[in-house]
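Chemist: sequence first, then the predicted structure, then my questions.
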Amino acid sequence: MPKQPGFFDLEDRYAELSKAGDPLEKLGNVVNFEAFRYRLNKALKRSDGSQGGRPAYDVLLMFKILVLQSLYNLPDERTEFTIRDRLSFMRFLGIGVGDPVPDATTIWLFRDHLTQANAVEKLFARFELLLQEKGYLARSGQILDASLIAAPRQHNTRAEKEAIKSGQSADDIWPDEPAKAAQKDVDARWTVKFSAAKARGDGSTPLDLAIPVFGYKNHIGIDQRYGLIRRWDVSSAAEHDSQKFVSLLDRGNTARDVWADTAYRSKANETLLAEGGFVSRIHRKKARGKAMSVSTAKANNAKSRIRARVEHVFAVQKGTMGLFIRSIGLARARTRIGLANLTYNMKRLIYLNARVAPT
């Protein structure tokens, strides 16, 4: 027969989790989630309960659930199950074994309400203030880059594709099929990602691999000192990286250096940097039809040693966090990507608190 639970068994199990280094316990200790309450309440505009009805779940509980989703790449149904299943999740959320757990629909609705209120940008800005209060100011210049975030591929006819490219809405394209229109993402786009292939056995130079990707882009700017995301934006996968150059520039950084790859180098951007008092560290392109000069190659290599730090952000988001767009439309994709950027900064803060003192 199974052993009957003891009075202190749950406390003992939590103590064992803490001893093993529960990452969610560290997150709860480092991040002051209470600081988000005001922004969440203001965005959601919930009633005071005077009209009756079932009380809503606490906004911080729901917000922390979205953080868990971003950390562990959980869809709504899996999130509900995992909260019930994992003690570490329950402790992080502050709920007991017998307490009610929000179902998948409630989680979806809460996230959708944040999308409708454009609240993620405000939540991100609130956490930026918390970082500054802890002494983690944007320092030593900034690094800009973008990464493709995949979404479920759409299967459309040629005529439907042309209608999407022309800017028609899903309701216009499928007026007699509302259920189908609701599942069609007309904001995401196809693009081609070029990746260097492995060297061939005969020693010949391989051609770059052209990999088609459907989805969105996460445009970010990090500070060079702490590697925290300070600016971000979202677009379809087909939009050129340089189109978000202006929105990513952080004029509050203590240094004026700006690192980026060749996609961001243009006369307009160089003029913008010069007029704003910035120092361009953007990679230079080689002249068409000519080999790159030795001096330009050396300069680019030196810039790459710093610029490559932004790749750590994307590696974490696509690796351990498994960032993937499951929603429909740019607005919802923006919420998911914005939450992923905010959650990354929370993870980064844990690392910085343990190893780097703010200066």
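Modeler: Thanks, I have the structure now. The structure displayed is predicted, hence computed values, not measured ones.
Chemist: sec struct for Phe110, please.
Modeler: At Phe110 the chain is in helix, as set by DSSP: H, G, I helix; E, B strand; the rest coil.
Chemist: for it, what are its contacts?
Modeler: 57, 62, 65-66, 102 (Cβ atoms under 8 Å, 6 or more residues apart in numbering). For the C-beta atoms, the positions are set from N, CA and C on the backbone; glycine is no exception.
Chemist: over to Leu342?
Modeler: Going by Cβ under 8 Å, 6+ apart, Leu342 touches 67, 70, 120, 123-124, 127.
Chemist: by neighbour count, which of the contacts of Phe110 wins?
Modeler: Ranked by neighbour count (other Cβ atoms under 10 Å), the contacts of Phe110 have Ile65 at the top, with 25 neighbours.
Chemist: that one and Asp58: what is the separation?
Modeler: Separation of Ile65 from Asp58 (Cβ to Cβ, to the nearest Å): 10 Å.
Chemist: hmm, back to that, tabulate the contacts of Phe110 (JSON lines), appending pLDDT, secondary structure and distance to Val356.
Modeler: Below are the contacts of Phe110 laid out as JSON lines (pLDDT from 0 to 100; DSSP: H, G, I helix; E, B strand; the rest coil; distance: Cβ to Cβ, whole Å):
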{"residue": "Tyr57", "pLDDT": "93", "secondary structure": "coil", "distance to Val356": "36"}
{"residue": "Met62", "pLDDT": "97", "secondary structure": "helix", "distance to Val356": "31"}
{"residue": "Ile65", "pLDDT": "98", "secondary structure": "helix", "distance to Val356": "29"}
{"residue": "Leu66", "pLDDT": "98", "secondary structure": "helix", "distance to Val356": "27"}
{"residue": "Pro102", "pLDDT": "96", "secondary structure": "coil", "distance to Val356": "36"}
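Chemist: JSON lines for these, including distance to His240?
Modeler: JSON lines is the format used below for the contacts of Phe110 (distance: Cβ to Cβ, whole Å):
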{"residue": "Tyr57", "distance to His240": "41"}
{"residue": "Met62", "distance to His240": "36"}
{"residue": "Ile65", "distance to His240": "35"}
{"residue": "Leu66", "distance to His240": "30"}
{"residue": "Pro102", "distance to His240": "40"}
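Chemist: wait, which of these is closest to Leu93?
Modeler: For these, the residue nearest Leu93 by Cβ to Cβ is Ile65; the value is 6.8 Å.
Chemist: check which helix or strand covers the nearest residue to the closest one once chain neighbours are set aside.
Modeler: Distance criterion Cβ to Cβ, 6 or more residues apart in numbering; nearest residue to Ile65, sequence neighbours excluded, is Ile107 at 5.9 Å. Using DSSP states H and E, Ile107 sits in helix 104-116.
Chemist: tell me the angle the longest helix belonging to the chain makes with helix 104-116.
Modeler: In the chain, taking DSSP state H as the definition, the longest helix is helix 330-355. Helix 330-355 and helix 104-116 are oriented at 90 degrees to each other (axes from the mean of the first three to the mean of the last three Cα atoms, to 10 degrees).
Chemist: quick revisit: which ones among the contacts of Leu342 map onto helices?
Modeler: Using DSSP H, the subset of the contacts of Leu342 located in helices is 67, 70, 120, 123-124, 127.
Chemist: ok, the nearest residue to Ala237 once chain neighbours are set aside to Ala263 distance?
Modeler: Distance criterion Cβ to Cβ, 6+ apart; nearest residue to Ala237, sequence neighbours excluded, is Thr191 at 4.3 Å. The gap separating Thr191 from Ala263 is 12 Å, by Cβ to Cβ.
Chemist: cool, and Ala146?
Modeler: Taking Cβ to Cβ, one finds Ala146 at 8 Å from Ala263.
Chemist: over to Leu66?
Modeler: Separation of Leu66 from Ala263 (Cβ to Cβ) stands at 31 Å.
Chemist: what do you get for Ile222?
Modeler: Taking Cβ to Cβ, one finds Ile222 at 16 Å from Ala263.
Chemist: before we move on, what about Tyr14?
Modeler: Applying Cβ to Cβ, the value for Tyr14 to Ala263 is 48 Å.
Chemist: in this protein, what residue spans correspond to strands?
Modeler: Counting by DSSP state E, the segments of the chain that form strands are 142-150, 189-195, 209-223, 229-236, 257-260, 279-282.
Chemist: for the second one, which positions count as buried?
Modeler: It refers to strand 189-195. By 16 or more other Cβ atoms under 10 Å, the buried positions in strand 189-195 come out as 189, 191.
Chemist: just checking: what are the partner strands of that strand?
Modeler: Strand 189-195 has the following strand partners under DSSP bridges: strand 209-223 (antiparallel).
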